[in-house]
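*Asks:* With the sequence up front, the predicted model follows.
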Amino acid sequence: MSAFKTPNKKHSGDFKIAKGVVVCSEAELFGDITIGGGTVVHPSAHILAQGGPIVIGERNLIQEQVTIINSKREDGSTPTMVIGNGNIFEVGAHCGSLSVGDGNTFEAKSRVSERVKVTDRCSVGAGCSLDSQETLPTGTVLHGRECHRYTKKIPTQNNNQQQLDYLIKVLPNYHRLTKSTAPASTATPNT
Amino acid sequence: MALSLHYLKRVLYSCSCSQPAPLTDLYFCRHCKVARCQDCVSITVDTYFCPHCFETVPVSEAKNRKNRCNHCFQCPRCSSTLTTRSIIVPSEVLAEQSPKKTESPSSKSPSLARSPGGTKSYYLSCTHCKWSTRDVGIKDKRSPIDFKDPLSPHQERVSQLVSFYKEFSMRDQAEREKAKKVGRRGRSYGGLLDTSKFVKGASSDSPKQLRRASLQGTWNKSVVNKVATQSTDCPDQIPDGFYSGEPELKKIATLQQRLLDPAHQPARVEQFTPRPLHLIGKKLLRCKGCDHILLKAEINPSSIRFKIQQIALHTFPQIRILKPPSLVAGAPCEVLLSVSNPVNHVVSISFQQLEPSFTKGGKVSLAPVSLPKGSYQLSPNDDMGDLLDDSEEELEGEKEFIHSRLLGKLVLKFNVAPEEGTTGEVKFGFVLSFDYKSTMELEKQESSCIVPAPVVVDLGKLTHSDD
Ligand SMILES: [Zn+2]
Ligand SMILES: [Zn+2]
Ligand SMILES: [Zn+2]
Ligand SMILES: [Zn+2]
């Protein structure tokens, strides 16, 4: 995997990026960020660790215009934002949740605030907005204009491995990448 | 305020039934040579098709299919279209699932043996709300067309009633014909003079009631009893805890979800079944005056073209307000209207005052207006027009009223004098007459006639309002 040593205004802070991660240098990264193996960060995504570190696990897909933000707190506390493995953040999604489990889908233009805890295999539908103090149980599905919700008995596994493999192969041909901070073994996050 | 953007509501043309409508809502009948609004056309369904798989269904067959597609399904939760997903089930898993066959792995069913890697099985899933047929325990199918709408629980009863009433109407018809024959022989009008039928409870013997009585007499009682509604002593029991238990809102279907399936009306989400997708009809519009077709779409569902499309927008010169005028009560104000030519030949137009009968009962108060005098010619609206060298063909028109001339367009000056004390919108009207050249294939020679179109323009509120 080729990486270009170009001064990047969009990146500032302290990153730990594992091997095999594709982070386009057009993405905006700020603060203390750890990204696990097999994750793809598209150009124009924003990962902003303003109020504390962000730890992103493995095989996550972070698409364009996504904002993952650990925002600054008034009380000065610096909690760590932990995102698990195999999540999809679709175009324009906004995630402020401090705890995201595995295999979740945040559909396009969805919005999850920092007060929400997302467990595993949930799906936040396109355009849905969540801003209440709550924990989404495993398999929760939100959909529609009125944010209808239900819990799936058999949560579906989002199958994005194929897409990730393809993106990891193709993206470096068309975008400048941010170098991974080798050696990989030290950068693997514990989620 | 950008009036020109709202010209659709600002400039209303009058239909032949004197209903005002924006030009886009009007049709034009070439045979009657008048505008027709949505109320002046008769609408029938030309063909049906499925919006998902584009299968065309003839009108006669659509009823048998209950106006639904056989292969496409709708999500019972969010009513978007379901997609068919396929998964490959390894043979070993299938063998495990059917315990009989685990004993002897060699005697696999032929369908399993066909594909060495496993068999494909299908389920339906919604990409929008993630509902799938697996959620409600519907088994995966071997073929995507295996999904069927479950029969209605009232199917038997409905068909029983339908056949009963079919027979009933046949008998009724027969009786009526018999009565007609009797009537022809020598009808007595004595019944009309009989006042007893107006007395409540009196035994009347009007021919109609007699006929009904005879009908019931001949009707086999047992046949009627077979379909008659039976009363029951014990109504359906309400489940325990229906009133006292805490409602699980996530598991109760919403009213909309229930009514999506009128036959079953699932009360709980576990009872959801995929709904067959509704067919969509392509409209066929006819003129109510002469029954000629005004609008007919192409049969092919994937085509958005029309075979016949006689809309007013293709014939009538289109009027728009060029820019918002400044309106002062009691003073004549110049209003600029642009008139566009929709056809690619020269059209001459002229303006007349509206008939006084147009403002029926003074309900519509129109400001007095002085119209451009004489007739004007609109240059053809030809896409190639600006490429041709403009040899300034002299087009008819009084210079005094012309603001500017564009390709296929003419901007004219109108003088509107809003009356003192106008509180609402300032409106003015006129009759736009244009010569319509019919180019029907049957009539070889071009025939031309003048079509009058009454137009009312809404200019909005006075500029100097008392506030
Ligand atoms: Zn009409
Ligand atoms: Zn279909
Ligand atoms: Zn759905
Ligand atoms: Zn007609």
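*Replies:* Here it is on my side, so go on. For clarity, every value in this text was computed on a predicted model and none was experimentally measured. Ligands and ions are numbered 1, 2, ... in the order given.

*Asks:* who are the neighbours in contact with B:Asp149?
*Replies:* Listed by CB atoms under 8 Å, 6 or more residues apart in numbering or on different chains, the contact set of B:Asp149 reads B:Arg68, B:Thr273, B:Pro274, B:Arg275, B:Pro276. For glycine as for every other residue, the C-beta is placed from the backbone atoms N, C-alpha and C.

*Asks:* with those residues in mind, which one is nearest to A:Asn70?
*Replies:* Comparing the contacts of B:Asp149 against A:Asn70 with CB to CB places B:Pro274 closest, at 42.1 Å.

*Asks:* In which helix or strand does the closest residue to the closest one other than its chain neighbours reside?
*Replies:* Spatial nearest neighbour of B:Pro274, chain neighbours left out: B:Phe73 (3.8 Å); criterion: CB to CB, 6 or more residues apart in numbering or on different chains. Here B:Phe73 sits within strand B:68-74, counting by DSSP states H and E.

*Asks:* Against which helices or strands is that strand packed?
*Replies:* Applying 3 or more CB pairs under 8 Å, 6 or more residues apart in numbering or on different chains; DSSP states H and E, one finds that strand B:68-74 contacts strand B:275-278.

*Asks:* A:Ile83 against A:Asn60, yeah?
*Replies:* Yes - with contact defined as CB atoms under 8 Å, A:Ile83 and A:Asn60 form a contacting pair (6.5 Å).

*Asks:* So those two - more neighbours on which side?
*Replies:* Taking other CB atoms under 10 Å in any protein chain shown, A:Ile83 and A:Asn60 do not tie; A:Ile83 has more neighbours (29 against 26).

*Asks:* before we move on, the earlier item: test my guess that the residue nearest to B:Pro274 contacts B:Leu124.
*Replies:* Yes - using CB under 8 Å, B:Phe73 is in contact with B:Leu124, at 5.7 Å.

*Asks:* Now list whatever residues contact both of these two.
*Replies:* With CB under 8 Å, 6+ apart, B:Phe73 and B:Leu124 have common neighbours B:Leu82, B:Phe147, B:Pro274.

*Asks:* got any ranges where chain B has weak pLDDT?
*Replies:* B:1-8, B:91-117, B:183-222, B:359-363, B:383-394, B:439-446, B:464-467 (pLDDT under 70).

*Asks:* Give me every residue in chain B lying close to ligand 3.
*Replies:* Contact residues, chain B versus ligand 3 (CB under 5 Å from the ion): B:Cys75, B:Arg77, B:Cys78, B:Cys126, B:His128, B:Cys129, B:Trp131.

*Asks:* residues contacting the last one?
*Replies:* Think B:Trp131. Residues counted as contacts of B:Trp131 (CB under 8 Å, 6+ apart) are B:Cys75, B:Pro76, B:Arg77, B:Cys78, B:Ser125, B:Phe272.

*Asks:* Near chain A, list only the ones from those residues.
*Replies:* Among those, proximity to chain A is found for B:Arg77, B:Cys78, B:Ser125 (CB under 8 Å from any CB of the partner chain).

*Asks:* which of those lies closest to ligand 1?
*Replies:* Closest approach to ligand 1 among the ones next to chain A among the contacts of B:Trp131 (CB to the ion): B:Cys78, at 38.8 Å.

*Asks:* A:Ile168 is in contact with A:Val40, correct?
*Replies:* Yes - assessed by CB under 8 Å, A:Val40 is found in contact with A:Ile168 at 6.3 Å.

*Asks:* Looking at those two, which one has more neighbours?
*Replies:* The neighbour comparison of A:Val40 against A:Ile168 (other CB under 10 Å) goes to A:Val40, with 24 against 16.

*Asks:* so how far is the helix ranked longest in chain A from its chain's centroid?
*Replies:* Across chain A, the helix with the greatest residue count (assigned by DSSP state H) is helix A:161-174. Averaged C-alpha coordinates place helix A:161-174 at 17 Å from its chain's average position (CA atoms, centre = their mean, to the nearest Å).

*Asks:* could you pull out the helices for the chain?
*Replies:* By default, I'm working from chain A. Under DSSP H, chain A gives helices at A:161-174, A:184-187.

*Asks:* not quite, I wanted chain B
*Replies:* Using DSSP H, helices in chain B cover B:7-10, B:59-64, B:91-97, B:99-102, B:110-114, B:155-185, B:190-193, B:207-218, B:221-227, B:255-259.

*Asks:* returning to what we had before: closest one to B:Ser16 out of the shared contacts of B:Phe73 and B:Leu124, please.
*Replies:* B:Leu82 (46.2 Å).

*Asks:* Quick check: the gap between that closest one and ligand 1.
*Replies:* Counting by CB to the ion, to the nearest Å, the gap between B:Leu82 and ligand 1 amounts to 42 Å.

*Asks:* same thing with B:Val45?
*Replies:* With CB to the ion as the criterion, B:Val45 and ligand 1 are 21 Å apart.

*Asks:* May I have the beta-bridge partners of that residue?
*Replies:* B:Val45 forms beta bridges with B:Lys283, as assigned by DSSP bridges.

*Asks:* I'd like to know how many residues surround B:Phe164.
*Replies:* Neighbourhood size, B:Phe164 [other CB under 10 Å]: 15.
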